[in-house]
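A.B. asks: here is a sequence together with a model predicted from it:
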Amino acid sequence: MFLAAALVLGACSTSSKTAPSASQGGHPPGSTKASGPPLVIGASMSLSGDFAELAGPAKKGYDLWAATVNAKGGLLGRKVTLKIVDDASNPTQVVSNYQNLISADNVDLVFGPFSSLLTIPAATIANRFGYAFIEPSGGGPAVFALHLHDLFLAQPAPVLSSGDAFADYILSLSPSQRPRTAAYPSADDPFTSPIVARVRQRLEAAGIKTVYAKIYAAETVDLSPVVTRLVAEKPDLLVSGTGGPDAVAEVKGLVQSHWTPKFLFFTGGPNDPTFPTKVGSANAEGIFSTGDWFPEAKTVGNPEFIKAYTAKYGGTAAGIDPAAAEAFACGQLLELVAQRTGKIDNATIIAALHKGTWPTVVGTLAWDGDGAPQGTDIVVQWVRGQLRPVYPPDAALAKPIAKPPWAG
């Protein structure tokens with residue numbers, strides 16, 4: 001399921017060039033002509049390392065937006081060029097990448113990397129140089145605790161909202177239907193662990209007993225000790241702070257144990273359309289997660305986004321990862337700033353995005369002073385082989401189902 005931006009000062013002022021408005025010789029959005037130098041946008045992405053598979057859809061979203069806007073003549077008559085460099089999923093490398101993009105390559109603008117873990121150090125660099133920092137996936141509380149006025153997350157809500165959404169669902173059940181016991185394992189990650197802690201806090205306050213809680217190292221591959229404890233405690237509810245591969249490992253371990261909890265919620269992994277191919281379609285059935293984008297969403301530009309995505313990358317709308325839509329929305333925000341202000345420099349982007357609302361494929365966005373979006377997330381579940389919104393009721397496209405036993 002937000003970006004950071006700031007004004008470039010002093011010797012770095014060449015990186016915040018202002019494109020000419022239509023009245024100054026530029027071309028309005030939608031023009032098929034381009035004039036002036038390319039608008040270079042730098043971004044560090046996890047092309048390798050632990051986040052490479054998860055970050056792939058976000059890179060596709062960036063690339064698709066650039067191709068789409070260039071087909072319309074670019075931004076204010078300037079063709080968009082993306083300069084994407086690999087951070088190897090490493091926080092130290094992401095710092096070097098943004099320092100080089102801004103101070104050595106003199107890119108005009110930047111987009112954010114993948115994950116809260118990498119967004120935190122990257123955002124501080126962008127802020128130091130006065131660059132607007134629109135980012136697609138850094139929604140952990142620690143990101144907004146930086147109090148950076150130039151950061152904007154291109155999602156409807158910060159990650160804690162996803163925990164609240166699932167807790168709301170559980171607490172909406174009648175006392176006889178609610179779980180009585182719960183377990184809370186999580187990777188030590190600024191995205192996952194705050195969500196799990198938030199759900200635990202709310203459910204414990206409602207009388208649901210915690211029988212197991214564990215924070216494991218983010219790089220952990222072998223989750224058999226966690227699965228062994230879960231099977232021993234047999235909680236009614238499992239709230240697991242996962243990013244992707246650990247969710248797959250956890251499900252496979254539970255399948256092998258032949259024990260099925262009544263409720264399973266994962267912070268990440270099952271909200272990837274390819275999840276059933278990794279654990280088996282029947283095993284994915286009934287697992288909960290959260291999401292912010294769906295093919296059926298009645299959001300601005302969504303039909304065009306789906307058409308362009310499937311034309312460029314193949315597949316179907318159901319196979320589009322929400323991370324691609326979130327990255328695409330980063331570019332949409334730049335287009336909107338250009339349309340509303342006739343400018344596309346860093347100072348203008350920062351000032352503009354802190355006013356009004358901004359319609360994108362992931363919804364209509366607005367932020368507080370720290371870049372945290374002001375909307376809410378939606379609970380999703382695998383239902384009859386499809387990832388469907390199931391809560392709250394006014395956003396649901398299917399009713400929640402009971403978790404069936406593992407298929408083996």
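C.D. replies: That came through, no problem. Computed from a predicted structure; not experimentally measured.
A.B. asks: contacts for the strand or helix carrying residue 40, please.
C.D. replies: For residue 40, the enclosing helix or strand under DSSP states H and E is strand 39-45. Strand 39-45 has contacts (Cβ atoms under 8 Å, 6 or more residues apart in numbering) with 19, 55, 58-59, 62, 66, 74-75, 78-87, 93-94, 97-98, 101-102, 105-114, 118, 122, 344. Where C-beta positions appear, they are placed from N, C-alpha and C, glycine not excepted.
A.B. asks: dump that strand to PDB, restricted to CA.
C.D. replies: Output of strand 39-45 as PDB, limited to C-alpha atoms (Å, rounded to 0.1, in the frame of the first residue of the first chain):
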ATOM      1  CA  LEU A  39      12.900  14.900 -17.700                       C
ATOM      2  CA  VAL A  40      15.200  12.400 -15.900                       C
ATOM      3  CA  ILE A  41      13.700  10.600 -12.900                       C
ATOM      4  CA  GLY A  42      16.100   8.500 -10.800                       C
ATOM      5  CA  ALA A  43      15.100   5.500  -8.700                       C
ATOM      6  CA  SER A  44      16.800   2.800  -6.800                       C
ATOM      7  CA  MET A  45      15.100  -0.600  -7.100                       C
END
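A.B. asks: what lines up beside it in the sheet?
C.D. replies: Partner strands and pairing direction for strand 39-45 (DSSP bridges) are strand 80-86 (parallel), strand 109-111 (parallel).
A.B. asks: and that strand, what's buried?
C.D. replies: By 16 or more other Cβ atoms under 10 Å, the buried positions in strand 39-45 come out as 39, 40, 41, 42, 43, 44, 45.
A.B. asks: what's the closest of the strands paired with strand 39-45 to residue 281?
C.D. replies: Among those, strand 80-86 comes nearest to residue 281, with 33.0 Å by Cβ to Cβ.
A.B. asks: contact partners of that closest one?
C.D. replies: Residues outside strand 80-86 that contact it (Cβ under 8 Å, 6+ apart) are 38-48, 59, 62-63, 66, 69-70, 74, 93, 97, 100-101, 105, 107, 331.
A.B. asks: repeat for stretch 195-204
C.D. replies: 159-160, 162-164, 166-167, 170-171, 182, 184-186, 210, 213, 237, 239-241, 265, 267.
A.B. asks: in strands only, show me the residues you listed.
C.D. replies: Counting by DSSP state E, the contacts of stretch 195-204 place 182, 184, 185, 186, 210, 213, 237, 239, 240, 265 in strands.
A.B. asks: and the residues you listed as a markdown table, adding distance to residue 146?
C.D. replies: Formatted as a markdown table, the ones in strands among the contacts of stretch 195-204 follow (distance: Cβ to Cβ, whole Å):
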| residue | distance to residue 146 |
| --- | --- |
| 182 | 31 |
| 184 | 26 |
| 185 | 27 |
| 186 | 22 |
| 210 | 31 |
| 213 | 27 |
| 237 | 33 |
| 239 | 27 |
| 240 | 27 |
| 265 | 28 |
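A.B. asks: need the buried ones from these selected in PyMOL.
C.D. replies: Filtering those down to the buried ones (16+ other Cβ under 10 Å) takes a single PyMOL command:
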select buried, resi 182+184+185+186+210+237+239+240+265
